[in-house]
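**Student:** would you be able to build a 3D model of this:
(2 chains, ligands or ions: 2)
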Amino acid sequence: MAHVLLQDIEKLYGDVHVVRRLNLSVAQGEFLVLVGASGCGKSTTLRMVAGLESISSGTLSIGGRIVNDVSPRDRDIAMVFQSYALYPHMTVFENMAFGLRIRKAPQTEIDRRVGDAAKLLGLEDLLQRRPAALSGGQRQRVAMGRAVVREPAVFLFDEPLSNLDAKLRVQMRIEIARLHKRLGTTILYVTHDQVEAMTLADRIAVMHEGYLQQCDSPSTIYNRPANTYVATFIGSPAMNLWPVHATVETRGNRQVVLLRGSGLSVELDGKIADRLTAAMTADHRLGNGEWTVGIRPQDLHIARGDAPVHARLPVEVVEPLGAETFVFGELADPGEPLPARDPATRLRRESASILRVDAGQLVADSEELPLTLDLNRLHLFDSAGQRIAAADPEAAVAIPAIALNFDKSPA
Amino acid sequence: MSPKAAQAPSPLSRMAPHLLLVPVTIVTLYPVLYVAKLAFSGVGGTSASPWPWPEVFSLDAFSEVVNRTDAQGTWLFGRQMLNSLLVSGLTTVLGIVLACTAAYGFARFEFPGRRAGLLAFLATQMFPGILTMIPLYVLMQKLGLLDSMLGLVLVYATTAIPFCTWTLKGYFDTLPKEIEESAIIDGASRLTIFLKIILPLSAPAIAVTALFSFMTAWNEFVLAYTFLSQEAAYTMPVQIRNYVGDKDVQWSLFAASSLIVSIPVMALFYAVEKHLVGGLTAGGVKG
Ligand SMILES: Nc1ncnc2c1ncn2[C@@H]1O[C@H](COP(=O)(O)OP(=O)(O)OP(=O)(O)O)[C@@H](O)[C@H]1O
Ligand SMILES: [Mg+2]
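**Tutor:** Ligands and ions are numbered 1, 2, ... in the order given. Model (predicted):
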């Protein structure tokens, strides 16, 4: 077991900048999941930690030892590949024993460790088979077994489950979680499946175009995304984002913050308004008022009774999924009458607003729904897309930590 | 049941390919059968009949070929057969051993001169062998390697190595990189990976390449005929040619020795056949 420290790690292929000034620290025994869209540099990062790819600049240490120039065999790591990468001409037993044989472990030791790993992964009856005679899930388990028998300080996983069907993936996910609990080994795990990330991770690191966007616990990533990229990347369906213009108005002896634009009209008062007003004068990045409002589909409700109406949604598509229903549309501009939509122009899914309602609720096509936002669950982002911490409910405590994040994230 | 899909092809359309295949097979096999007829018809007999079947059955031609000795009583047939086996075998071993390592280097490493080296290897394959015959003859003469097996092996290797290298490199390129990366992380050195992973996985390709280079050397005539002048040094193709000399044409001996010479190649082919079925890497990586 060891902790892994990446300091200012960069990777260039020629002049293609693939990983940029990456700072990441994986604590001893921690399960850190690296997520991001395809091509953002996750595998490259993992392969640099493994030693399969050279590090262009920066320092990589494992267990307190700088390993930039240490060969993979001496880094005390084991890696599980997306494609399994088993040795096709060897039996399951020999596949798992290979690394130990190379290291000249005594036969009794090999038998014991392979036996233990086989028991742990339910491979006891398959030890004499060749990989070709195994199912995808079994092959994946052998690949994990091969890593486990080595008893390394760090496990590296590169999308180990992406070749499995949905059901098997759930099962293997649980097995990986169990494995981590049992062995307590440090794990660096790459995936682009956010469910895997949310369920397995102690902390999630979100990458985008080579930059680290945020590295936090799953609940912080979900509840306090550091910027608009993380906000839309984590959570399904994605968070609604609306550009607005923020202004401060004085009502009697109080100040309120008005958010207007994209068909939205929200008035914030009380403590939030006070904090935001203070922040706007203190921080020039907020001063221009060109902000983005974010709200998750389940925090957006149909306005009832005396609830304030923040926006109106002409319903365009209704997707009943059984347990819940998603409603899609584009916010209507409150000042103007409902635009007569040309039937030929189809709803643009990426820019559509999404509302989640309970399955029992009937929503008719082309109905116009009055919407109210759960203001306790509002996310605000500044003109650079960075989270405005002052808007968070317990901002008084949260500000220092998140402000730190601000400075580390790329402008 | 869908009537259209379930319908068997009509007898006529099933016959059609055979109308072509049967004549082609006959045309291909006829010369071979005719040689067999000559070989089994005894010594000296030539037949005017086009029917490819011996009129009188006799093994005399075979026994004469096999029992040939020279003036000193050396068993020529044994000697020449051994020459052929040694030359072809050594060429194959030399070719495969050197080509495997070279091909792996070309397939996996970036080094200065890699492209140039590959192209040079390819270029040697593009020129007809005849082109190098005279320079080779001069070289061999200067080195005193005429009429020697070693000389012939070296000459054959100059074409076998580039051929084997290209073929094997092509195969190594298809082996998934992750399997080797796995082994690197498991702690294996490059040599271990080559010996324990690459070679076993490449057995089918190596077998085919070996068979090819063996057959090429075994059947090679022009160079052997040029460099060998003593009967005891002949390889079988040269001896076979000798049976149909300018003054003395012995078709039955020619035919009998041709059949004998084809036996080892056929035997090898059957031995290697099970390796020709690919798919050894199946199951190693997904997709
Ligand atoms: N050898 C190379 N030369 C140039 N660019 C490369 C090379 N290898 C990878 N890249 C680029 O580096 C970027 C990051 O690749 P990487 O494999 O790390 O992505 P990833 O995040 O793992 O994506 P995925 O989820 O699709 O696996 C990609 O844009 C890729 O095109
Ligand atoms: Mg990847």
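
**Student:** contact partners for residue A:353?
**Tutor:** A:240, A:242, A:300, A:313, A:328, A:329, A:330, A:331 (C-beta atoms under 8 Å, 6 or more residues apart in numbering or on different chains). No exception for glycine: its C-beta is placed from N, CA and C like everyone else's.

**Student:** tally of neighbours for whichever residue of the stretch 151-287 of chain B sits closest to ligand 1?
**Tutor:** Here the stretch 151-287 of chain B gets closest to ligand 1 at one residue, residue B:177, 11.4 Å apart by C-beta to the nearest ligand atom. Neighbours of residue B:177 under the rule other C-beta atoms under 10 Å in any protein chain shown: 14.

**Student:** equivalent analysis for residue A:153, please.
**Tutor:** Residue A:153, neighbours per other C-beta under 10 Å, totals 18.

**Student:** just checking, it touches residue A:63?
**Tutor:** Yes - the pair residue A:153 / residue A:63 is scored as a contact, 5.7 Å apart, by C-beta atoms under 8 Å.

**Student:** next up, the contacts around the closest residue to residue A:186 other than its chain neighbours.
**Tutor:** Distances taken as C-beta to C-beta, 6 or more residues apart in numbering or on different chains place residue A:154 nearest to residue A:186, at 4.6 Å, with adjacent residues excluded. Residues near residue A:154 by C-beta under 8 Å, 6+ apart: A:2, A:4, A:26, A:49, A:62, A:75-78, A:185-188.

**Student:** mind redoing it with 10 Å?
**Tutor:** By C-beta atoms under 10 Å, 6 or more residues apart in numbering or on different chains, the contact list for residue A:154 reads A:1-4, A:26, A:28, A:49-50, A:62-63, A:75-79, A:185-188.

**Student:** and the gap between it and residue A:129?
**Tutor:** Residue A:154 sits 29 Å away from residue A:129, going by C-beta to C-beta, to the nearest Å.

**Student:** again with residue B:104
**Tutor:** 29 Å.

**Student:** where does pLDDT dip in the chain?
**Tutor:** All of this is about chain A. For chain A, the stretches flagged by pLDDT under 70 are A:1, A:333-351, A:394-411.

**Student:** that's the other chain; I wanted chain B
**Tutor:** If you take pLDDT under 70 as the line, chain B has these spans: B:1-8, B:44-48, B:275-287.

**Student:** 80 instead, please
**Tutor:** Regions of chain B meeting the criterion pLDDT under 80 cover residues B:1-9, B:44-52, B:128-130, B:245-248, B:272-287.

**Student:** how's it carved up into domains?
**Tutor:** B:1-69+B:247-256, B:76-242 (automatic domain parsing).

**Student:** now, of the contacts of residue A:154, which are buried?
**Tutor:** The neighbour-count test (16 or more other C-beta atoms under 10 Å in any protein chain shown) applied to the contacts of residue A:154 identifies A:2-4, A:26, A:49-50, A:62-63, A:75-79, A:185-188 as buried.

**Student:** just the ones of the contacts of residue A:154 in helices?
**Tutor:** A:49, A:50 (DSSP state H).
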